[in-house]
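>>> model this:
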Amino acid sequence: MQRAATILDRLPIFALVAALLFWLEAAFASPATMTQAAAILLFGTAIALAPLAQAAGLADVPGAAIGAIVIAAVFVVAAAVELTVMRLLRKQRARTRWLVRLGALLAFAAILFLTPPAGPMKLF
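Numbers count the residues shown, from 1 in each chain. As a prediction, the model looks like this:
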């Protein structure tokens, strides 16, 4: 039982659920109803990755592939942050670490889903 708990503690569960929530918001919300936080995260990451995509020859990739790349980037960053925080809290009890994960996940979900709609926008 103790071994299973340590394996679960090492998995980036928050990052996986956060990427899934972001995918749900980005995939199923129309551009007019997408929240401000989701729009900033989606388009900000896409704009930040644009030079890398152009250098890699991915400039003419369909939108679904760009969305998948953006969600993967969000997952990688969230996983790095989560695993760093869990490494800092490794001497704390498992309950404390799970409460920190749950609190961060609730904060992420609240920011993602409860910000007002971004409305129609023009990027450039």
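
>>> which helix is the longest one in the chain?
Identified as the longest helix of the chain according to DSSP state H is helix 63-88.

>>> other SSEs contacting that helix?
Applying 3 or more C-beta pairs under 8 Å, 6 or more residues apart in numbering; DSSP states H and E, one finds that helix 63-88 makes contact with helix 2-10, helix 13-28, helix 36-55, helix 94-114. Bear in mind the C-beta positions are built from the backbone N, C-alpha and C, glycine included.

>>> what's near enough to touch the nearest residue in space to Met86 that is not next to it in sequence?
Sequence neighbours aside, Arg97 is the residue nearest to Met86 in space, at 5.9 Å (criterion: C-beta to C-beta, 6 or more residues apart in numbering). For Arg97, the contact set (C-beta atoms under 8 Å, 6 or more residues apart in numbering) comprises 9, 86, 89.

>>> what's the PyMOL syntax to select whichever of the residues you listed are buried?
Typed into PyMOL, the line below selects the buried ones among the contacts of Arg97, using 16 or more other C-beta atoms under 10 Å:
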select buried, resi 86
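
>>> what ranges in the chain fall below the confidence cut-off?
Residue ranges of the chain with pLDDT under 70: 1-5, 120-124.

>>> run the last query once more with 90
Applying pLDDT under 90 to the chain flags residues 1-14, 23-70, 83, 86-87, 89-94, 112-124.

>>> re earlier: so for the longest helix of the chain, what gets flagged as buried?
Applying a neighbour-count criterion of 16+ other C-beta under 10 Å, one finds 66, 69-71, 73-75, 78-79, 82, 86 buried in helix 63-88.

>>> what of stretch 89-109?
97-98, 100-101, 104-105, 108.

>>> also stretch 17-32?
18-19, 21-23, 25-26, 29.

>>> can you put these in TSV and add distance to Pro51?
As requested, the buried residues of stretch 17-32 are exported to TSV (distance: C-beta to C-beta, whole Å):
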residue	distance to Pro51
Ala18	25
Ala19	23
Leu21	27
Phe22	22
Trp23	24
Glu25	25
Ala26	21
Ala29	27
